[in-house]
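Turn this into a structure:
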Amino acid sequence: MQTFSKIVSTTALAASLMLGLASVAEAKQKTEFKVAWSIYVGWMPWGYAADHGIVKKWADKYGIKIDVTQFNDYVESMNQYTAGAFDAVTLTNMDGLSIPAAGGVDTTAVIVGDFSNGNDAVILKDKASLTDIKGQNVNLVQYSVSHYLLARALDSIKLTERDVKVVNTSDADMVAAYKTPDVTAVVTWNPLVSTILEDPTAKKVFDSSQVPGEIIDLMVANSSVLKDNPNFGKALAGIWYETAALLRADTAGGKAAREAMGSASGTDLAGFEAQLAATKLFDKPADAVAFTASPNLPKTMDLVRNFLFEKGLLGNGAPSADVIGIEMPDGKVLGDTGNVRLRFTEAYMKAAADGSL
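Sure thing, here's the model as predicted:
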């Protein structure tokens with residue numbers, strides 16, 4: 001089974017901070033672009049689009065070339081983007097802030113593709129209530145969205161991380177770890193969640209549907225590259241919405257696309273569709289625009305930036321969560337207005353919505 005780590009490690013962060021220095025070169029108009037992506041249900045359309053001519057179709061429309069590369073290592077894809085080797089990359093809102101943005105790379109969310117709506121979960125062994133987590137060791141990928149979900153789950157029952165003990169565990173080892181007698185609580189994501197829940201002892205006690213809209217999956221691009229090459233952003237939007245439509249299409253073509261994406265991600269059609277069911281997919285651009293413009297987005301990013309600051313993931317010596325500015329679509333900034341490094345824009349999604357791509 002092929003999985004990936006939605007993880008920010010201190011080692012990866014340190015590497016990205018150094019690599020980021022290499023990506024500060026001034027952007028300019030160009031005709032060839034490189035996009036990185038990694039395996040996850042909401043990002044599978046990028047690989048499918050590359051394999052089935054959709055990337056080429058939209059690139060040709062704008063007289064450009066787009067090379068799409070799959071990474072099996074999620075963190076490495078972000079590090080390569082931060083280093084300037086790629087113009088765009090798939091990542092979560094949390095990781096976008098803690099790796100490229102914290103590494104000094106001004107980054108813009110071109111596509112808000114989906115949010116986890118049950119794909120990430122807290123699972124207890126032979127216990128059916130979240131309150132039973134108190135005092136337990138909790139196995140998860142440290143500093144990942146699983147760590148963030150644990151923090152939100154504990155907060156919902158007036159507990160803190162001091163009430164449990166986090167045990168850093170690789171996603172590759174999570175299923176095997178759960179089967180051992182000593183492991184009684186895990187936090188992870190699909191397809192691992194589905195596999196673990198096949199065990200009759202496993203009880204899901206909290207999932208990302210209880211914090212909707214907080215674990216967001218994005219396609220981001222270097223802000224300077226995007227500013228100097230807006231057609232690149234338009235092409236990305238065209239690619240996404242044409243391919244994402246196949247995820248919902250009740251047609252033979254839609255089924256074939258989902259089957260292909262499922263196979264490419266290490267599961268079958270049923271498994272892939274089960275993951276889709278736990279994903280709030282923004283396959284329609286108007287829905288993505290509404291979500292991005294919502295007052296809930298600044299609230300979510302405030303939660304995320306404070307979590308990262310508490311974990312020391314906004315850079316060595318960061319004095320507060322305000323150290324990095326996060327710009328919203330209306331131009332308002334969370335944090336330092338003089339150090340904006342993560343931006344949300346509706347521009348390209350709106351272009352798709354109004355048919356002006």
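
Run through the stretch 251-357 of the chain and note the low-pLDDT ranges.
Counting by pLDDT under 70, the stretch 251-357 of the chain contains no low-confidence range.

Just the helices from it, written as ranges.
252-264, 269-277, 285-293, 296-310, 347-353 (DSSP state H, counting those that start in this stretch).

now these in a markdown table, with distance to V55?
Using the backbone N, CA and C atoms, a C-beta is placed for each residue, glycine as well. As requested, the helices of the stretch 251-357 of the chain are arranged in a markdown table below (distance: least, C-beta to C-beta, whole Å):
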| stretch | distance to V55 |
| --- | --- |
| helix 252-264 | 14 |
| helix 269-277 | 21 |
| helix 285-293 | 18 |
| helix 296-310 | 28 |
| helix 347-353 | 16 |
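
Just put the ones you listed in TSV and tack on distance to D171 and mean neighbour count.
Compiled in TSV, those are given as follows (distance: least, C-beta to C-beta, whole Å; neighbours: other C-beta atoms under 10 Å):
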stretch	distance to D171	mean neighbour count
helix 252-264	18	16
helix 269-277	15	18
helix 285-293	27	19
helix 296-310	19	18
helix 347-353	30	22
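
so which of those comes closest to N168?
Counting by C-beta to C-beta, N168 lies closest to helix 296-310 out of these; the figure is 16.4 Å.

Residues in contact with the closest one: which ones?
Under the criterion C-beta atoms under 8 Å, 6 or more residues apart in numbering, residues 8, 93-94, 97-98, 102, 148, 151-152, 213-214, 216, 291, 314, 318, 320-321, 323-324, 326, 328, 332, 334-335, 344 lie in contact with helix 296-310.

one more time with 7 Å
The set of residues that contact helix 296-310 without belonging to it, under C-beta atoms under 7 Å, 6 or more residues apart in numbering, is 93-94, 97-98, 148, 151, 213-214, 314, 318, 320-321, 326, 328, 334-335, 344.

Out of those, which end up buried?
Neighbour-count burial within the contacts of helix 296-310 applies to 93-94, 97-98, 148, 151, 213-214, 314, 321, 326, 328, 334-335, 344; the criterion is 16 or more other C-beta atoms under 10 Å.

related to what we said a few turns ago, among the contacts of helix 296-310, name the ones in strands.
Applying DSSP state E to the contacts of helix 296-310, the entries found in strands are I326, L334, F344.

Bridge partners for the second one, pull those for me.
On the basis of DSSP bridges, L334 is bridged to I326.

I'd assumed I326 was in contact with it.
Yes. Applying C-beta atoms under 7 Å, one finds L334 in contact with I326, separated by 4.4 Å.

where along this protein do the strands fall?
If you assign secondary structure with DSSP E, the strands in the chain sit at 32-38, 65-71, 88-92, 107-116, 120-125, 137-140, 165-168, 185-189, 202-207, 216-222, 279-281, 325-327, 333-334, 340-344.

As CSV, the ones you listed with distance to A59 would be great.
As requested, the strands of the chain are arranged in CSV below (distance: least, C-beta to C-beta, whole Å):
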stretch, distance to A59
strand 32-38, 8
strand 65-71, 4
strand 88-92, 13
strand 107-116, 15
strand 120-125, 33
strand 137-140, 39
strand 165-168, 41
strand 185-189, 31
strand 202-207, 38
strand 216-222, 14
strand 279-281, 24
strand 325-327, 28
strand 333-334, 33
strand 340-344, 23
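
With respect to A235, which of those lies nearest?
strand 65-71 (6.3 Å).

Pairing partners for the closest one, with directions?
Paired with strand 65-71 in the same sheet, following DSSP bridges, are strand 32-38 (parallel).

hmm, back to that, ok, the ones in strands among the contacts of helix 296-310 vs G266, which is closest?
Set against G266, the nearest of the ones in strands among the contacts of helix 296-310 by C-beta to C-beta is F344 (31.0 Å).

I'd like to know how far the closest one sits from L281.
Distance, F344 to L281, using C-beta to C-beta, to the nearest Å: 18 Å.

Over to K127?
32 Å.

of these two, who's got more company?
Per other C-beta atoms under 10 Å, whichever of K127 and L281 has more neighbours is L281, with 20 against 16.

Now that one: closest residue in space that isn't a chain neighbour?
Taking C-beta to C-beta, 6 or more residues apart in numbering, and ignoring the residues beside it in sequence, L281 has D114 as its nearest neighbour in space, at 4.6 Å.

burial measure for that neighbour, as a count.
By the other C-beta under 10 Å criterion, the neighbourhood of D114 contains 25 residues.

do A177 as well
For A177, the tally of surrounding residues (other C-beta under 10 Å) stands at 17.

distance of the residue found closest to it once you drop the neighbours it is linked to in the chain from N296?
Once its chain neighbours are removed from consideration, A177 has its nearest residue in V183; the separation is 4.9 Å (C-beta to C-beta, 6+ apart). When C-beta to C-beta is the yardstick, V183 and N296 sit 34 Å from each other.

For T337, which residues are in contact?
Listed by C-beta under 7 Å, 6+ apart, the contact set of T337 reads G325.

any idea how far F71 is from P212?
Applying C-beta to C-beta, one obtains 28 Å for the distance of P212 from F71.

the more surrounded of the two?
More neighbours surround F71 than the other of P212 and F71, with 20 against 14 (other C-beta under 10 Å).

Could you double-check that that one lies in contact with V35?
No. With contacts counted by C-beta under 7 Å, F71 stays clear of V35, the gap being 10.8 Å.

okay, stretch 89-103 in PDB with CA atoms only?
Extracted C-alpha coordinates of stretch 89-103, given in PDB (Å, rounded to 0.1, in the frame of the first residue of the first chain):
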ATOM      1  CA  VAL A  89       3.600  22.000  -5.300                       C
ATOM      2  CA  THR A  90       0.700  20.200  -3.600                       C
ATOM      3  CA  LEU A  91       0.700  20.700   0.200                       C
ATOM      4  CA  THR A  92      -1.600  21.400   3.100                       C
ATOM      5  CA  ASN A  93      -2.300  24.800   4.600                       C
ATOM      6  CA  MET A  94      -0.300  23.900   7.700                       C
ATOM      7  CA  ASP A  95       2.700  22.600   5.800                       C
ATOM      8  CA  GLY A  96       2.600  25.600   3.400                       C
ATOM      9  CA  LEU A  97       3.100  27.900   6.300                       C
ATOM     10  CA  SER A  98       5.800  25.800   8.100                       C
ATOM     11  CA  ILE A  99       8.000  24.800   5.200                       C
ATOM     12  CA  PRO A 100       8.100  27.200   2.200                       C
ATOM     13  CA  ALA A 101       6.700  30.300   4.000                       C
ATOM     14  CA  ALA A 102       8.900  29.800   7.100                       C
ATOM     15  CA  GLY A 103      11.800  29.100   4.700                       C
END
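
Alright, that wraps it up for me.
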